[in-house]
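In: only the shape, not the letters, is given here:
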């Protein structure tokens, strides 16, 4: 009888310990972003103009006027072809969904950051260039303004 009780106590201690480790892991999911000097310089760039993201086949165009994006895209971002089109589409879909939810909640999220809704539809082929630039803008935006548009840490 005494051996069974010790085993039960050990089992309860293991379950409690595992639960505490799991619960403490839940609160530490945010990582601090490491921003390089080159990236900081790109964020501070005021010289570059707007970046146009368009696909004439589907009559789609976005103009990004966020200072520093053009410099960041050409100096810090991964080169075109680094990511697959499927990867970019999947990530963009998730980030657009979060972005649009934030646009609809101006009292909760800074309306100066989330100005307008993005109409990005799942069944439309926007092409690689649109998806590449949109994905990189989301990464740039998250890193520059310390935002998180989903579960993934915005890495380069």
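Out: Sure, I can see it. Everything numeric in this text was worked out from a predicted model, so none of it was measured.

In: so, low pLDDT: which residues of the chain?
Out: Within the chain, the ranges that satisfy pLDDT under 70 run 1-32, 46-47, 49, 58.

In: same thing but 90
Out: Residue ranges of the chain with pLDDT under 90: 1-67, 122-123, 152-153, 155-156.

In: just the helices in it please.
Out: Using DSSP state H, the helices found in the chain span residues 2-26, 37-44, 69-75, 85-103, 128-145.

In: what's the spacing between residue 132 and residue 156?
Out: The spacing between residue 132 and residue 156, counted by C-beta to C-beta, to the nearest Å, is 14 Å. Just so you know, the C-beta spots here come from the backbone N, C-alpha and C atoms, and that holds for glycine as well.

In: oh, that last question was meant for residue 93, not what I typed.
Out: 20 Å.

In: same deal with residue 149?
Out: As defined by C-beta to C-beta, residue 149 lies at a distance of 15 Å from residue 156.

In: who's more crowded, those two?
Out: residue 149 (19 against 15; other C-beta atoms under 10 Å).

In: what's near enough to touch that one?
Out: 94, 95, 98, 99, 138, 141, 142 (C-beta atoms under 8 Å, 6 or more residues apart in numbering).

In: who's residue 60 bridged to?
Out: residue 55 (DSSP bridges).

In: around it, how many other residues sit close by?
Out: Residues near residue 60, counting by other C-beta under 10 Å, number 16.

In: cool, and residue 62?
Out: The number of residues packed near residue 62 is 17, by other C-beta under 10 Å.

In: quick check: it vs residue 54, distance?
Out: The gap separating residue 62 from residue 54 is 7 Å, by C-beta to C-beta.

In: ok, residue 154 next?
Out: Distance of residue 154 to residue 54, given as C-beta to C-beta: 24 Å.

In: before we move on, what about residue 63?
Out: Here residue 63 is placed at a distance of 9 Å from residue 54 (C-beta to C-beta).

In: between the two, which one's more packed in?
Out: The residue with more neighbours, out of residue 63 and residue 54, is residue 54; 16 against 10, by other C-beta under 10 Å.

In: that one touches residue 126, doesn't it?
Out: No - here residue 54 lies out of contact with residue 126, judged by C-beta atoms under 8 Å, at a distance of 9.5 Å.

In: what do these two both touch?
Out: Contact criterion C-beta under 8 Å, 6+ apart; residues shared by residue 54 and residue 126: residue 60.
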